[in-house]
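> Provided below for reference: sequence and predicted model.
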Amino acid sequence: MLRLARLAKKSGLSGVIASPREIHPLCEILGERFLIVTPGIRPVKSERGDQRRTMSPAEAIIAGANYIVVGRPILTATDPARAALKIAEEIAFASGSSV
């Protein structure tokens with residue numbers, strides 16, 4: 001992944017899509033200005049489903065993800081709006097801001 005991300009940056013791309021477990025190494029090697037979009041985000045205490053390399057929303061933001069992709073935990077929730085709000089609150093708490 002790191003080799004491909006270096007190639008993406010060298011080719012003029014602004015960022016990559018990367019698993020949560022690759023965020024930190026990418027930030028170290030390519031710098032914070034290189035964007036990272038991270039799927040596989042699962043709120044604390046939610047099921048991983050078919051995702052093998054997951055991370056909580058707060059962990060992903062702290063690790064350096066610029067954008068996170070949260071699909072099924074919101075789409076399959078009995079109250080999707082509440083699920084999304086809880087995720088936003090988790091991120092806000094981790095980053096020291098408010099929703």
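Sure thing, it's come through.
> quick one: the strands in the protein?
In the chain, the segments counted as strands under DSSP state E are 15-17, 35-38, 67-68.
> can you say which of the ones you listed is nearest to I87?
Closest to I87 of the strands of the chain is strand 67-68 (CB to CB; 8.4 Å). For glycine as for every other residue, the C-beta is placed from the backbone atoms N, C-alpha and C.
> given that closest one, what are its sheet partners and their directions?
With DSSP bridges as the test, strand 67-68 is paired with strand 35-38 (parallel).
> what about the protein, any weak spots by pLDDT?
Where the chain drops to pLDDT under 70, the residues are 47-53, 98-99.
> grab the longest helix from it for me.
helix 80-95 (DSSP state H).
> in that one, what counts as buried?
Neighbour-count burial for helix 80-95, with 16 or more other CB atoms under 10 Å as criterion, is recorded at 83, 86-87, 90-91.
> before we move on, what about stretch 55-64?
Applying 16+ other CB under 10 Å to stretch 55-64 flags 55-61, 63-64 as buried.
> likewise for stretch 12-30?
For stretch 12-30, the neighbour count (16+ other CB under 10 Å) marks 15-16, 18-20, 22-23, 26-27, 30 as buried.
> ok, so of these, who is nearest T78?
P20 (25.4 Å).
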